[in-house]
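K.L.:
curious how this folds, go ahead:
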Amino acid sequence: MHTSKQKPVLILIHEIYGINDHMKSMIHHFDKAGFEVYCPHLLGQAKQFSYVEEKEAYGYFMNKVGFDVPIMNVLNVAKELKSKNAEINIFLIGFSVGATIAWRCSQYEQLFTGVIGFYGSRIRDDIDLVPACKTLLFFPEVEASFNPQELASVLEKKEKLRVTIVEGEHGFANPYSTAFHAESKNRCFQEIDDFIKGCLLKE
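P.N.:
Here you go, the predicted model:
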C-alpha cells in the first residue's frame, strides 16, 4: 500500500450515527492495510445513535453539531500530525455527512495528500468548492434528495477530482445497512487502493 517508512495516516470521518460498528470495521480495515488510523468523535458527549434512530441522529447532527465544528476538529488533528512530521501523508475518508466534511477539507492541500468521500449528499450545497488535493467521490445511482448524475456532471469539470457512480443507494458501502451492495463496495475499495497508491507514488 505504501512505500515510505513512515506509515501514512488515515483520518476516518463518521456518519451522523457516531463511531458505530461500521466505523470500527473501517478502522480495522485501514489499520490492516498499513495506515495509522484516527477516527475523531464529532458528536460531543460520546453520543451514538442506532440506525433506527436515523431521524433523531440527523436532527441532532444538523441542529446541535453542524459542519463547522467537525471540520475544525478534523483540521486540528491534521495540523497536529503535520507539526510533528511535516512529510507525513494524510488521507481523509468520510461517509455521508463525513464525506461532506471531507469535501470541505479538500481545500487544504498543505494538510492532505488525498480525500475520499462516500455519498456526501450535502456536497451539493458546496459545488463551487475547488479541491486543492486529489479527491475521489463515490455516489450511488439512486439518492432520495438529489440526482447523483446531475451533480457528478458539474463536479467532474474540476481538476484533481474524480467522481464514480455505482449501482445502489445511499449506504451501499456499509455492511450494516439495508442498502449494502457488496459488489459496488468492492469496486469502490479497489478504486481507493489505486487512488492511494497513485497519490503516494507522486510524493
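K.L.:
ramachandran coordinates for the spatially most central residue of the chain?
P.N.:
The centroid of the chain falls nearest to residue 94 when counting by C-alpha atoms, centre = their mean (1.7 Å). With angles defined as degrees, to the nearest 10, residue 94 sits at phi -130, psi 150.
K.L.:
next one, pLDDT for it please.
P.N.:
At residue 94, the pLDDT value in this model is 98.
K.L.:
run through the residues that contact the nearest residue to residue 44 once chain neighbours are set aside.
P.N.:
Distance criterion C-beta to C-beta, 6 or more residues apart in numbering; nearest residue to residue 44, sequence neighbours excluded, is residue 65 at 6.7 Å. Where you see a C-beta, it was placed from the backbone N, CA and C, and this is true even at glycine. Listed by C-beta atoms under 8 Å, 6 or more residues apart in numbering, the contact set of residue 65 reads 42-44.
K.L.:
shaky segments in this structure?
P.N.:
1-5, 46, 203 (pLDDT under 70).
K.L.:
in it, which helix is the longest?
P.N.:
helix 182-201 (DSSP state H).
K.L.:
in the helix or strand containing residue 154, what counts as buried?
P.N.:
Secondary structure from DSSP states H and E places residue 154 in helix 148-155. Neighbour counts over helix 148-155 (16 or more other C-beta atoms under 10 Å) mark 148, 151, 155 as buried.
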